[in-house]
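**Student:** generate coordinates for the sequence data below:
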Amino acid sequence: MKRINIPLVLLATSVTMGIMTTGCNRDFLEKPKGNDVTVDTVFHTQRQAQYAVADMYAWCVPTGFVQNNSADSREDVLTDQVHLLLPGANWVAGNLNYQFYVAGGMGPNYSIDRGPVTQRGSTGTTAFSSWYRSVRRANLVLKNIDKVSDAPDEWKSDVKGQAIFCRAMAHYSAFRLYGGIPIVSDVLLGDGNVAIPRASIQSLVDTLVTWCDQAAALLPPTRPTTDYGRITSLAALALKARVLLYAASPLYNTPENMKSAISGARFGDARDSVLAYPAYNKERWKRAADAAKAVIDNANASGVYLYNTGKPTTTVRTDNYAGLGDYEAVSNNVMGTTGTYGNPEMILVNTRHMNDPNRYGWADWGRYNSSKVRMSEWGAKNNVPVEFLQQYEKRDGTKWTATPTGTDFKAYFEGLNLDPRAYQSIAYAGQWWNNGRQFLAYYKASGATDGAYAKGLLVDDTNAGDGMGSAVECTKFVARVDNNNDGHFVWPVFRLAEFYLAYAEAMNEYAGPSAEAFNAMNLIRQRAGMPNKDASMLPDQPAFRVAIQNERSVELAFEDHRYNDLHRWLTAHVVLNTNLRGFAVTASSNGVTPRPSNPFLKWELVSYGARTFPTKYYYVPFPYSEISMRYLGGKDWDGQNPGY
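**Tutor:** Prediction:
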């Protein structure tokens with residue numbers, strides 16, 4: 001696999017500087033004392049200023065990779081994409097307060113907010129203020145970069161664009177959880193008398209869009225390979241498009257016929273301005289469509305394009321780069337038969353994990369807590385429920401319903417002939433994984449009269465919560481090829497496929513299914529090896545809506561989109577108030593003698609347990625520590641979201 005250099009600015013993820021590490025004992029409004037000399041020192045030379053820029057990236061650019069913390073997990077566990085079995089695995093997603101969340105018990109001090117990636121391990125009591133520590137870092141760079149004495153103006157202008165983007169990204173990261181939040185556009189003096197209440201959705205969205213436009217005007221369209229992972233003008237356009245898509249969606253832009261569904265997460269008075277727009281406006285969808293189209297139209301100038309070599313499927317029983325299907329190559333961030341590093345579909349990536357000093361140690365960004373198969377035995381099984389598996393169509397474009405029992409799971413699951421993206425994102429019992437792992441032993445022990453097989457290596461019935469022999473787990477971003485090489489992965493903050501799907505969704509919501517909407521959706525399906533959809537199949541807006549939401553769910557699966565999408569579509573209370581189920585397998589000889597070394601796998605559908613999603617969950621609660629200061633709501637309201 002060919003590699004390109006990762007820039008120092010992205011690798012210096014921990015900077016020991018007084019200005020950057022001084023904490024806020026009260027809240028984000030307080031300015032650390034006595035740092036004027038440090039500011040002048042840090043921003044005196046370009047070399048020194050690079051450390052401040054690196055620290056800003058570390059705090060502001062998100063990643064979905066599990067960090068070096070035993071209580072960290074994929075965000076997908078909050079959705080129907082991944083289910084951790086309780087009580088055995090309740091420690092795995094402690095940072096998300098998973099065991100409370102799935103039972104309907106999320107509260108102000110037990111929320112799902114983990115804060116910026118630098119703060120993973122934070123609880124709901126401290127995470128919110130950490131977003132504003134991220135904002136502070138961006139504002140410090142923006143305010144002080146002109147002090148650098150030995151840097152050209154072009155470099156300073158570029159850094160300003162990066163800082164404006166990072167400020168917008170940090171605000172967006174909190175907005176997607178809480179709704180309206182305080183807008184902080186300067187390094188606050190923090191004299192103890194400043195109070196910034198939550199902004200309305202209207203004001204916040206307009207501000208984020210303005211910042212994205214400003215950043216795009218200052219940033220270059222491309223970067224040299226030595227600056228892989230640096231923000232570009234296309235990344236700024238991508239953030240703008242995502243914000244506008246969310247803003248146009250029913251959670252914030254609520255149609256009259258959906259208001260009853262969200263009534264439990266509304267106040268019914270003027271306070272609702274921090275939760276949604278006052279009234280539905282179809283033009284917001286047009287604005288979202290235009291923004292997504294701008295990303296598509298400017299992609300070529302940034303050297304970004306949909307990766308489609310005409311190889312939709314991964315070659316079976318191969319574990320090299322040449323065998324990868326195009327979709328798996330994208331998630332592996334490689335291209336070509338030799339695994340050239342850096343897939344052209346990526347708009348912005350996070351490479352933070354590559355400088356993790358513990359990446360070969362405990363819980364290294366996913367080796368233990370993102371799958372069992374990566375480490376072969378011990379680890380947290382990231383079970384994929386049947387309800388989500390059924391989102392994947394069969395290869396001919398038809399839907400399917402899981403058969404409840406059977407005697408040969410491997411033959412059954414492969415015989416479903418699902419969308420190739422399914423087989424490139426998951427592992428399943430009996431699968432040939434690679435030359436090292438080979439047959440995946442996700443099975444319970446058999447009885448003495450059925451082959452007397454011991455339980456498989458990938459079943460753990462002690463402390464990882466998998467005594468039932470769950471048969472399917474998520475393995476996106478889990479090393480399989482090139483001797484289990486983790487080194488090529490990056491977190492896709494933005495990739496181009498997202499914006500084709502956003503364009504199709506927004507166009508349909510604005511004017512119903514059109515040729516442009518079908519074309520955008522079908523380009524993604526064609527790369528996956530799936531048949532086109534047309535007007536005879538999807539004759540109206542509701543039918544296209546179902547199709548594009550399904551397409552988005554499978555194309556962007558396990559990339560931290562599902563939580564946001566279920567919320568903004570106002571479907572989370574339907575999808576997540578349910579009993580999720582999974583395939584469970586038991587070893588069997590199926591009467592064959594002598595017994596095969598790799599057993600047959602009897603399967604059954606089993607319940608993973610009930611999920612509870614109260615309507616108030618559409619917005620995350622602010623921690624008591626922030627509410628008690630009463631700055632979020634102003635004079636007559638503490639600022640807390642409804643229901644908490």
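**Student:** report pLDDT for Asn358.
**Tutor:** Looking at Asn358, its pLDDT reads 57.
**Student:** residue contacts, the closest residue to His171 other than its chain neighbours?
**Tutor:** Leaving aside its chain neighbours, His171 sits nearest to Leu208 (6.1 Å; criterion: CB to CB, 6 or more residues apart in numbering). Just so you know, the C-beta spots here come from the backbone N, C-alpha and C atoms, and that holds for glycine as well. Leu208 makes contacts with 168, 171-172, 175, 239-240, 243, as judged by CB atoms under 8 Å, 6 or more residues apart in numbering.
**Student:** please redo it, this time with the cut-off set to 7 Å
**Tutor:** 168, 171-172, 243 (CB atoms under 7 Å, 6 or more residues apart in numbering).
**Student:** how close does it sit to Ile183?
**Tutor:** According to CB to CB, to the nearest Å, Leu208 stands 9 Å off from Ile183.
**Student:** list residues touching both of the two?
**Tutor:** Shared contacts of Leu208 and Ile183, counting by CB under 7 Å, 6+ apart, come down to His171.
**Student:** about what we covered before: doesn't the residue nearest to His171 lie inside a strand?
**Tutor:** No - assessed with DSSP: H, G, I helix; E, B strand; the rest coil, Leu208 is helix; it does not lie in a strand.
**Student:** what's the pLDDT at it?
**Tutor:** The model's pLDDT for Leu208 equals 98.
**Student:** same question for the one 4 residues further on.
**Tutor:** With respect to pLDDT, Cys212 scores 99.
**Student:** nearest residue to it other than its sequence neighbours?
**Tutor:** Counting by CB to CB, 6+ apart, the residue nearest Cys212 is Lys240, at 3.6 Å.
**Student:** okay, now that neighbour: neighbour count?
**Tutor:** For Lys240, the tally of surrounding residues (other CB atoms under 10 Å) stands at 27.
**Student:** just Pro542 next, same as before
**Tutor:** 12.
**Student:** can you name the next helix or strand after the one helix or strand it maps to?
**Tutor:** Taking DSSP states H and E as the definition, one finds Pro542 inside helix 541-555. Using DSSP H and E, the helix or strand that directly follows helix 541-555 along the chain is helix 562-568.
**Student:** what mean pLDDT would you report for that following helix?
**Tutor:** 98.
**Student:** next, the buried residues of the very next helix or strand once past it.
**Tutor:** Later in the chain than helix 562-568, the nearest helix or strand by DSSP H and E is helix 572-575. By 16 or more other CB atoms under 10 Å, the buried positions in helix 572-575 come out as 572-573, 575.
**Student:** now do helix 572-575: distance to the chain's middle.
**Tutor:** In terms of CA atoms, centre = their mean, to the nearest Å, the centre of helix 572-575 is found 19 Å from the chain centre.
**Student:** with stretch 499-513 instead?
**Tutor:** That offset, for stretch 499-513, works out to 21 Å (CA atoms, centre = their mean).
**Student:** how about stretch 541-551?
**Tutor:** 21 Å.
**Student:** dump it to PDB, restricted to CA.
**Tutor:** Taking Å, rounded to 0.1, in the frame of the first residue of the first chain, the C-alpha atoms of stretch 541-551 are listed here in PDB:
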ATOM      1  CA  GLN A 541     -42.900  12.400  -3.400                       C
ATOM      2  CA  PRO A 542     -43.700  10.000  -0.600                       C
ATOM      3  CA  ALA A 543     -42.500   7.000  -2.500                       C
ATOM      4  CA  PHE A 544     -39.300   8.800  -3.500                       C
ATOM      5  CA  ARG A 545     -38.800   9.900   0.100                       C
ATOM      6  CA  VAL A 546     -38.900   6.300   1.400                       C
ATOM      7  CA  ALA A 547     -36.400   5.300  -1.300                       C
ATOM      8  CA  ILE A 548     -33.900   8.100  -0.700                       C
ATOM      9  CA  GLN A 549     -34.000   7.700   3.000                       C
ATOM     10  CA  ASN A 550     -33.300   4.000   2.600                       C
ATOM     11  CA  GLU A 551     -30.500   4.700   0.100                       C
END
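**Student:** show me where pLDDT drops low in the stretch 451-600 of the chain?
**Tutor:** 460-466 (pLDDT under 70).
**Student:** can you give me the strands in the stretch 251-400 of the chain?
**Tutor:** Secondary structure of the stretch 251-400 of the chain by DSSP state E, counting those that start in this stretch: the strands cover 334-335, 340-341, 346-350.
**Student:** make JSON lines from those and add distance to Phe544, mean pLDDT and mean neighbour count to it.
**Tutor:** Shown next, in JSON lines, are these (distance: least, CB to CB, whole Å; pLDDT from 0 to 100; neighbours: other CB atoms under 10 Å):
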{"stretch": "strand 334-335", "distance to Phe544": "32", "mean pLDDT": "97", "mean neighbour count": "23"}
{"stretch": "strand 340-341", "distance to Phe544": "37", "mean pLDDT": "96", "mean neighbour count": "18"}
{"stretch": "strand 346-350", "distance to Phe544": "25", "mean pLDDT": "98", "mean neighbour count": "22"}
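**Student:** which one of those strands lies nearest to Ala452?
**Tutor:** Closest approach to Ala452 among the strands of the stretch 251-400 of the chain (CB to CB): strand 334-335, 42.8 Å.
**Student:** neighbouring contacts of the closest one?
**Tutor:** So strand 334-335 is contacted by 1, 307, 321, 329, 340-341, 343-344, 488 (CB under 7 Å, 6+ apart).
**Student:** which among these gets closest to Ser425?
**Tutor:** Closest to Ser425, out of all of the contacts of strand 334-335 and judged by CB to CB, is Ala329, at 12.7 Å.
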